[in-house]
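Participant: Please work out how this folds:
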Amino acid sequence: MLGRRIDRAVVPLLAAAALYPLFLNAWESVPLAWAASIACVMLIRRLLNRPRHSLDRSAARAELLRIASLPDAEAEAILRKLIKERYPGESFALSPVLKHPEASLSSGDILAAWKANRDATRLVIAATCPCEPRAACYARQLANPEVAVVDSRLLVRLLAKRKAPVAQAHALPLRRRLAGWFASVASQPFRPRNLLLAIVMLAVYRLRGNPMYLFAALPLLLQLAAALQHRRFRRTLFDG
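Facilitator: Below you'll find the model as predicted:
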């Protein structure tokens, strides 16, 4: 909720700051540029504040992670209902593969699910993670039972299109989302040339005063801070 409020406040301001120089250069009129910028900001705010009848992608991904964390029987019932809503006339056996969305569905996972359901005519493997391209090709070659893979990419789309109240979105708190983003940035290797490039950009910003160099240097500095944070020893196991 807090993240959405910040987005609704910051995005229009950034849009106005970006659009004003464009309109000013195009028309060379300060009042007209301000009027056009304000009109665009009002349009952006209206789009951001419009009522939403379905889960957005971030909430759908959070919901998928919640499903993966459920007991097998409960997760299977939810996935079966979700797929049946999209394909009401299909009959199939369902084999859920409950993995973290950052993992992947391998050919070995597909083979294990196929062997466990040899008595079925058609099998749907519902995975809460993306399917590897080679595994998807392997699944199409199987028969008795015939196999269809519904991985996390399709499940997220199905969850996003499903009408649901906001209370069922199960969106992660802002602190958790920021921690996840910080961890993903920290997992990327930081190269010394990136630090040198950031220093050069900051020096150019200091000399010329062009904010574009500052904005270009910030991601590199954040990546350095995340890498240093990732390498330090924690005071306790579960403290930040």
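Participant: Where does pLDDT dip in this protein?
Facilitator: Counting by pLDDT under 70, the chain contains low-confidence ranges at 1-20, 23-24, 26-27, 44-55, 163-190, 226-240.
Participant: For it, which segments count as helices?
Facilitator: 2-27, 30-49, 57-68, 72-86, 107-116, 133-141, 152-161, 174-186, 192-208, 211-231 (DSSP state H).
Participant: Please point out which parts of the second one sit buried.
Facilitator: Right, the one you point to is helix 30-49. Within helix 30-49, the residues scored as buried using 16 or more other C-beta atoms under 10 Å are Ala33, Ala36, Ser37, Cys40, Val41, Ile44. From N, CA and C alone the C-beta is placed, and that goes for glycine too.
Participant: Render the CA-only coordinates of it in PDB, please.
Facilitator: Output in PDB follows, covering the C-alpha atoms of helix 30-49 (Å, rounded to 0.1, in the frame of the first residue of the first chain):
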ATOM      1  CA  VAL A  30       6.900  28.700 -20.800                       C
ATOM      2  CA  PRO A  31       3.200  29.000 -20.100                       C
ATOM      3  CA  LEU A  32       2.300  26.600 -22.900                       C
ATOM      4  CA  ALA A  33       5.000  24.100 -21.700                       C
ATOM      5  CA  TRP A  34       3.700  24.300 -18.100                       C
ATOM      6  CA  ALA A  35       0.100  23.800 -19.300                       C
ATOM      7  CA  ALA A  36       1.000  20.800 -21.400                       C
ATOM      8  CA  SER A  37       3.100  19.200 -18.600                       C
ATOM      9  CA  ILE A  38       0.300  19.700 -16.100                       C
ATOM     10  CA  ALA A  39      -2.200  18.100 -18.500                       C
ATOM     11  CA  CYS A  40       0.000  15.100 -19.000                       C
ATOM     12  CA  VAL A  41       0.500  14.800 -15.200                       C
ATOM     13  CA  MET A  42      -3.200  14.900 -14.700                       C
ATOM     14  CA  LEU A  43      -3.700  12.200 -17.300                       C
ATOM     15  CA  ILE A  44      -1.000  10.000 -15.700                       C
ATOM     16  CA  ARG A  45      -2.600  10.400 -12.200                       C
ATOM     17  CA  ARG A  46      -5.900   9.400 -13.600                       C
ATOM     18  CA  LEU A  47      -4.400   6.300 -15.100                       C
ATOM     19  CA  LEU A  48      -2.700   5.400 -11.900                       C
ATOM     20  CA  ASN A  49      -5.800   6.000  -9.800                       C
END
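Participant: So which bits of stretch 96-108 are buried?
Facilitator: Neighbour counts over stretch 96-108 (16+ other C-beta under 10 Å) mark Pro96, Val97, Leu98, Lys99, Pro101, Ala103, Ser104, Leu105, Ser106 as buried.
Participant: What are the contacting residues of it?
Facilitator: Stretch 96-108 is contacted from outside by 61, 64-65, 67-70, 72, 75-76, 79, 109, 113, 125-132, 134-135, 138, 149, 151-152, using C-beta atoms under 8 Å, 6 or more residues apart in numbering.
Participant: ok, of these, which come out buried?
Facilitator: Buried, going by 16+ other C-beta under 10 Å: 61, 64-65, 67-68, 70, 75-76, 79, 109, 113, 125-132, 135, 138, 149, 151-152, out of those.
Participant: sorry, back to before: CSV please, covering the buried residues of helix 30-49 and showing distance to Leu220.
Facilitator: Listed next are those as CSV, based on distance: C-beta to C-beta, whole Å:
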residue, distance to Leu220
Ala33, 32
Ala36, 34
Ser37, 30
Cys40, 30
Val41, 30
Ile44, 28
